[in-house]
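**Q** Here is my input, please return the structure:
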Amino acid sequence: MESTVFREMLDALPICVVWVQDVQTVWLNALARAQISPDAAAFAELCACTPELFELSFGTSAPPRGSISLNDKPYHVSVRDQPGGKLILLLAERDESNAFPDMARLRQSCLDLEEIFRNSFDGIFVADGNGITLMVNEGCERNYDLTAVDMVGKHVSEFDQKGWIRPVVAAKVAESGQRITTTQHTHTGKTIMVTGIPLFDSTGKVRKVIINSRDTTELIQLQNALARAQEDLRRVDEEMEALRLQNLNVDGVLFRSEAMRAIVALAARVAKVDTTVLITGQSGVGKDVIGRLIHRESRRANGPLIKINCGALPRDLLESELFGYEPGAFTGAQRQVKLGLIELAHRGTLFLDEVGDLPSDIQVKLLQVLQDRVIVRLGGTRTIPVDVRIVAATNRDLKTMVLEKTFRDDLYYRLNVVPIHVPPLCERKDDVVPLILQFVGEFNGKYELNRSLSERSIALLLAYDWPGNVREVRNVVERLVVTSQNDVIEPEFLDGLLPSDMRDASIGGFRDRVERFERRLIEDALRKYVNTREVGKALGLSQSSVVRKLRRGK
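**A** Purely as a prediction, here's the structure:
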């Protein structure tokens, strides 16, 4: 300490330096003389008046680091034991920024990190590399319903042993040195999502483990509730769609048989896409009804539905009707452009009924429309793009016609993308009675009448095969309603309408079938009315008859 150079160095330091040797003050540097005492003697007097300073300077139990107030000014203190004495370093707190320019910034950063740690909504858990808990924040206490006192200083294995947290992650992270994400369950029934991250020292050893946790109990509950709600909505949608299809009314025609329900469901599904549909079946089965259903259920429902009967027009007229023509295209043509039906169906649906009657040259042109979605008017050369959906129908066997070379095979395959076959009414007897009752109601309303059919009449009509299908049912019912002299139409009034063997048929042979229909009608009414009394009133039966017919069907 006698070196002049060394003293000059200490005098230049921005902190107070005091050298104490053999229980007496030996020397103070320039800043200490300016801020604390002018010389060693004055410092000794200050020590005598300040027990903390005396103990720090001459005692044996003073801490190596601490703080002290001298002359109403706070100082940070650091004591270094040296051979033969002590070196006391004192730094005024307000001089920190001058002595160490980055100190204020570092202190603020430390305070910010402490606040972030404390106020983080997510739980933050810190353990050392041996699994001892070092610190936890309030989010961690909230997630696990434990206090810092419960956790800090404890080995993480205790949490598992006491059933507080399972599984414990910190030990696995320290052992593997890998990031681990998993789900924990707490002693209060919470579900916690956690991620454990290892921190390494310079040798590659895990020195700390940081675990971030978030309570996902409410989120999982909401997800489960949402999944249940979505499933309920899906089920309701399916049930509503099933009910809609079950009672689907197209142009006033109801379908009840399983065969027709399946056909209607298929048609409704196919309607959602623009694929070409070929509807086959006997005359009068309702092919045009299915065609209108496809249009109504499609995205083209707001567009036009253009129908043409390919077998009802002469060949030359059919071509001009389908494709239109330019002015003067042929003798007798108008002097202005005539749009064809295909062009009129733009952004809509073109329904080609009896497509099997198309002449071969028209088949070629229709094939071009299906392939290229363009037309050329008669007498013209310009191609015109058309956005049209084709639905075709026929009562002929197109496959046989293809083999016989009377119908183009390439057109057949273009049309037969989605085939829908409508069975005859004789193969779906379940539709007969609902159709009869529906048409009776329709014509009663149309002609302001109050006709009804007796059970025996319905049984005879049910036994008939109806070769004319739905169209024949409608015509027969209209004739019965408008020509009957009585409100209740009995079997005797069916003379001339049905074959004689059907009029004379025994009712007993059809009893089972009639009873099944009666029961179905009553069950349908029970869905609409509250009790059997109201059902009987609506159906024109006594309550006892309703109950008896329900029991008979069991």
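**Q** And the pLDDT for the most centrally placed residue in the chain?
**A** Nearest to the geometric centre of the chain sits residue 230, at 7.4 Å (Cα atoms, centre = their mean). On pLDDT, residue 230 comes in at 86.
**Q** same question, the one 3 residues further on
**A** Looking at residue 233, its pLDDT stands at 85.
**Q** and it, what are its phi and psi?
**A** phi -60, psi -40 (degrees, to the nearest 10).
**Q** number of nearby residues for it?
**A** Applying other Cβ atoms under 10 Å, we find 10 residues neighbouring residue 233. Every residue, glycine included, has its C-beta placed from N, CA and C.
**Q** and if you look at residue 37?
**A** Neighbour count for residue 37, taken as other Cβ under 10 Å: 21.
**Q** Surely it touches residue 46?
**A** Yes - taking Cβ atoms under 8 Å as the definition, residue 37 is a contact partner of residue 46 at 5.4 Å.
**Q** Can you point out the helix or strand that includes the residue nearest to the centre of the chain?
**A** helix 217-246 (DSSP states H and E).
**Q** now swap in residue 460 and tell me
**A** Using DSSP H and E, residue 460 falls within helix 455-463.
**Q** Quick one: name whatever helix or strand follows that helix.
**A** Using DSSP H and E, the helix or strand that follows helix 455-463 in sequence is helix 469-483.
**Q** name the helices or strands packed onto that following helix?
**A** Counting contacts by 3 or more Cβ pairs under 8 Å, 6 or more residues apart in numbering; DSSP states H and E, helix 469-483 packs against helix 432-447.
**Q** Buried residues in the helix it packs on, which are they?
**A** Under the neighbour-count criterion of 16 or more other Cβ atoms under 10 Å, helix 432-447 has 432-440, 442-443 buried.
**Q** any idea how far that helix is from the chain center?
**A** 43 Å (Cα atoms, centre = their mean, to the nearest Å).
**Q** for the record, mean pLDDT for it?
**A** 90.
**Q** Go ahead and name everything in contact with that helix.
**A** 252-256, 425, 449-453, 458, 461-462, 466, 470, 473-474, 477-478, 481-482, 517, 521 (Cβ atoms under 8 Å, 6 or more residues apart in numbering).
**Q** Strands along the stretch 251-400 of the chain, start to end?
**A** For the stretch 251-400 of the chain, the strands defined by DSSP state E, counting those that start in this stretch occupy 253-254, 277-280, 305-309, 324-325, 338-339, 348-353, 374-375, 384-385, 388-394.
**Q** so of the ones you listed, which one's packed in deepest?
**A** Among the strands of the stretch 251-400 of the chain, strand 388-394 has the highest mean neighbour count (mean count of other Cβ atoms under 10 Å), at a mean of 25.
**Q** Which elements pack onto that one?
**A** Checking 3+ Cβ pairs under 8 Å, 6+ apart, strand 388-394 ends up next to strand 277-280, helix 287-296, strand 348-353, helix 360-372.
**Q** ok, 6 Å please
**A** Here strand 388-394 touches strand 277-280, helix 287-296, strand 348-353, going by 3 or more Cβ pairs under 6 Å, 6 or more residues apart in numbering; DSSP states H and E.
**Q** Tell me which of these lies nearest to residue 52.
**A** The closest of the helices and strands packed on strand 388-394 to residue 52 is helix 287-296. By Cβ to Cβ, the value is 96.9 Å.
**Q** Can you point out the buried residues in the closest one?
**A** Result for helix 287-296 [16+ other Cβ under 10 Å]: buried residues 287-296.
**Q** Could you do stretch 124-136 as well?
**A** Quick answer for stretch 124-136 (16+ other Cβ under 10 Å): 124-127, 129, 131, 133, 136.
**Q** same check, this time on stretch 393-404
**A** Neighbour-count burial for stretch 393-404 [16+ other Cβ under 10 Å]: 393-395, 398, 401-402.
**Q** End to end on that stretch, go ahead and measure it.
**A** End-to-end distance for stretch 393-404, by Cα to Cα, to the nearest Å: 19 Å.
**Q** same deal with stretch 335-349?
**A** From its first residue to its last, stretch 335-349 covers 28 Å (Cα to Cα).
**Q** now do stretch 423-431
**A** By Cα to Cα, the extent of stretch 423-431 from end to end equals 11 Å.
**Q** Can you name the residues in contact with that stretch?
**A** Stretch 423-431 is touched from outside by 256-257, 259-260, 282, 285, 465-466, 469, with contacts defined as Cβ atoms under 6 Å, 6 or more residues apart in numbering.
**Q** biggest separation within those, which pair?
**A** 256 and 282 (19.3 Å).
**Q** quick one: which of these two has more around it?
**A** Between residue 256 and residue 282, counting by other Cβ under 10 Å, residue 256 is the more crowded of the two (19 against 16).
**Q** Relative to residue 549, how far out is that one?
**A** Going from residue 256 to residue 549 by Cβ to Cβ, to the nearest Å gives 18 Å.
**Q** repeat for residue 190
**A** 60 Å.
**Q** now do residue 496
**A** The gap separating residue 496 from residue 549 is 31 Å, by Cβ to Cβ.
**Q** Which one's more surrounded, the two?
**A** residue 549 (18 against 8).
**Q** Next up, identify which helix or strand the more buried one is on.
**A** Element membership of residue 549 [criterion: DSSP H and E] is helix 543-552.
**Q** and that helix, what does it pack onto?
**A** When contacts are defined as 3+ Cβ pairs under 6 Å, 6+ apart, helix 543-552 packs onto helix 511-528, helix 532-539.
**Q** Going by mean pLDDT, which of these comes out lowest?
**A** helix 511-528 (a mean of 71).
**Q** what's the burial count for residue 142?
**A** Residue 142 has 14 nearby residues by other Cβ under 10 Å.
**Q** Correct me if wrong, but it is in a strand.
**A** No - if the criterion is DSSP: H, G, I helix; E, B strand; the rest coil, then residue 142 is helix and not within a strand.
**Q** Number the residues from 191 up from this point.
**A** Okay, residue one is now 191; in that scheme the one you just asked about reads as residue 332.
**Q** For the nearest residue to it once chain neighbours are set aside, which residues count as its bridge partners?
**A** The shortest distance from residue 332 to any residue other than its chain neighbours is 7.1 Å, reached at residue 313 (Cβ to Cβ, 6 or more residues apart in numbering). Residue 313 forms beta bridges with residue 403, as assigned by DSSP bridges.
**Q** In terms of residue numbering, what are the domains of the chain?
**A** 194-289, 294-405, 439-613, 618-742 (automatic domain parsing).
**Q** out of those domains, deepest packed?
**A** Among the domains of the chain, ranked by average contacts under mean count of other Cβ under 10 Å, first place goes to domain 439-613 (a mean of 17).
**Q** mean confidence score for that domain?
**A** Mean predicted confidence for domain 439-613 is 89.
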